[in-house]
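In: structure for this input, please:
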Amino acid sequence: MSDLHVSYCLTGALDEGAISAALNQLSPEERARHARFRFARDRRDFAVAHALLRRALSARFQLPPHDWTFVSGTHGKPRLDANLAARTHLSFNLAHTDGLVACIVTHDADVGIDVEAIDRNTDALELARHYFSPSEIADLEQSAPDTRQVRFIEIWTLKEAFVKAVGDGLSCPLDTFGFVFDGPASLRFRATDAVESASWCFALFAPSDRHRLAVAVRDPSRSARPHLERFEGVTGPREIVTSRALRSSW
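Out: Purely as a prediction, here's the structure:
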């Protein structure tokens, strides 16, 4: 498989012109979904995320951003329609949260991406006890109170990236797999199926001081590597990011 292209855009400082430019690239169906969001920040992030995906796909295959068409899988995971999938062999996933949008694009592989803000107001231990594996719960219980929230968000982001890569939605219980942080930058994945566990690779990034970004890929050869690129809006310049992952299982 080819390398993993991870594109992201920080949206908090985007002006109305940049948001309008993103909205103009969306399909009628995407615009209808955009209009249903109640809050302006959610409409902003939805528009920029979907426009960013179109630009990232066009960077990997010679097709204008407007011409990409998508369908939903069994559990709602978006994918290219059958004709484009056969022509391009591209796989993708996208994510957005308050102030950050991102997508991942590669060839012929199961991939997932998730982004979260580390300043979310959550009861980390209470949520972990409902959704995390026993080892992850123990890890959080042993964490210092001032670092527990960030650790919870990092684990949650990795879990969401994996669930999105698998494409099973809520039918994939979050407590049946887990992540182990046992070194300064190490990351280990544990699941009930040892062979399946060995097929997956993960990486965790900090694209801003208040965000985390996680990617998951099914790559038995472990040959692919994530490459980050930051966009200034969806029509602005693109910058290759050379910062290393906070944690990686490669």
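In: find the helix or strand that the residue nearest to Phe37 when sequence neighbours are not counted is a member of.
Out: Nearest non-adjacent residue to Phe37, counting by C-beta to C-beta, 6 or more residues apart in numbering: Arg43, 4.5 Å away. Glycine gets a C-beta too; all of them are placed from N, C-alpha and C. Counting by DSSP states H and E, the element that carries Arg43 is helix 40-60.
In: what separates Arg151 from Arg230, distance-wise?
Out: Noted for Arg151: a distance of 25 Å to Arg230, by C-beta to C-beta, to the nearest Å.
In: for the chain, what spans make up the helices?
Out: 16-24, 28-35, 40-60, 82-88, 124-131, 134-142, 145-166, 194-198 (DSSP state H).
In: who's in contact with the helix holding Arg43?
Out: The contact list for helix 40-60 (C-beta atoms under 8 Å, 6 or more residues apart in numbering) reads 5, 7-9, 11, 14, 18-19, 21-23, 25-26, 30, 33-35, 37, 63-66, 68, 88, 90, 92, 94-103, 105, 231, 233-234.
In: now with 7 Å, please.
Out: For helix 40-60, the surrounding residues in contact (C-beta atoms under 7 Å, 6 or more residues apart in numbering) are 5, 7, 9, 11, 14, 19, 22-23, 25-26, 30, 33-34, 37, 64-65, 68, 90, 92, 94, 96, 98, 101, 103, 105, 231, 234.
In: likewise for stretch 23-39?
Out: Residues from elsewhere that reach stretch 23-39 (C-beta under 7 Å, 6+ apart): Arg43, Phe46, Ala47, His50, Ala51, Arg54, Pro65, His66, Val234.
In: among those, name the buried ones.
Out: For the contacts of stretch 23-39, a neighbour count by 16 or more other C-beta atoms under 10 Å gives the buried set as Arg43, Phe46, Ala47, His50, Ala51, Arg54, Pro65, Val234.
In: give me the mean pLDDT for stretch 6-14.
Out: Averaged across stretch 6-14, pLDDT comes to 96.
In: which residues belonging to that stretch are considered buried?
Out: Val6, Ser7, Tyr8, Cys9, Leu10, Thr11, Leu14.
In: any idea how far the third one is from Ala32?
Out: Relative to Ala32, Tyr8 is positioned 25 Å away (criterion: C-beta to C-beta).
In: so who does Phe179 touch?
Out: Neighbouring residues of Phe179 by C-beta under 7 Å, 6+ apart: Glu136, Ile155, Leu158, Leu187, Arg188, Phe189.
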